[in-house]
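Asks: Starting from these lines, generate the structure:
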Amino acid sequence: MATDELVLAEQAQLMVREITTTTSTTYEGWLQHLWDALHHTDDPEAQACLAEARELHHQARAALEAGDHELARDLFHQAFLKVLCAVVEVFPDAPERTALAADEAIGRIEHLLGDHDAPRIRDVLAQVKVLRAEADATLAAGDKVGALALNLEALQILHGLVSHVREHHADHGEVAGAEMEAVPLDR
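Replies: Residues are numbered from 1 along each chain as shown. You can find the predicted model right below:
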């Protein structure tokens, strides 16, 4: 990989971090907003989603301890979606806000790249654009939780752009999803 591409990736990642920090549109940012909001509200739907998420997370840990990694992975993913269910209950505009942040990041990275030869960065951006298109279609179909999950995955990929460029993962989304699902639910 050309050193120039790695430098571009570092610059792009800094831009993404600035965007996501300013807008709090990372998974961790939404979780912090959620915990803060739940301390001041008693939204029963959000509370139910979080209770289900905790139970699924507990089941996933048990499956992991029993050696059933596939079941554990599925349960961790279900728990992650239940947390996002709570986020959407408390912040109904979360899918749209994350979409705007992802689109802004993509636009700024493309502007930064200009006509530079950066095939790995462009490959990552192509996967992120696919996720964004899927998120828009998912939102149009009425699935806010699914749209939020896809948008957060896109942002998580961009948030770790240097690693994705350096390691050239075959599936950047799988890496990003695992990173988000590893965030603890206990607060």
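Asks: in the protein, which spans are helices?
Replies: With DSSP state H as the criterion, the chain has helices at 3-23, 27-38, 44-65, 69-90, 94-113, 119-140, 144-159, 161-167, 172-181.
Asks: which secondary element of the protein has the worst mean pLDDT?
Replies: The least trusted helix or strand in the chain, going by mean pLDDT, DSSP states H and E, turns out to be helix 172-181, with a mean of 53.
Asks: Residue 92 versus residue 128, what's the distance?
Replies: 24 Å (Cβ to Cβ, to the nearest Å). C-beta: built from backbone N, CA, C; applies to glycine.
Asks: Give the residue from those two that has the larger number of neighbours.
Replies: residue 128 (26 against 10; other Cβ atoms under 10 Å).
Asks: List the contacts of that one.
Replies: 102, 106, 154, 157, 158, 172 (Cβ atoms under 8 Å, 6 or more residues apart in numbering).
Asks: And for residue 32?
Replies: Residue 32 sits in contact with residue 24, where contact means Cβ under 8 Å, 6+ apart.
Asks: Spatially central, which residue of this structure would that be?
Replies: residue 152 (2.5 Å; Cα atoms, centre = their mean).
Asks: That one reaches residue 28, doesn't it?
Replies: No: using Cβ atoms under 8 Å as the test, residue 152 is too far from residue 28 to be in contact (9.9 Å).
Asks: that older thread, how close does the residue nearest to the centre of the chain sit to residue 109?
Replies: The value you get for residue 152 to residue 109, if Cβ to Cβ is used, is 17 Å.
Asks: what number of residues lie near residue 60?
Replies: For residue 60, using other Cβ under 10 Å, the count is 22.
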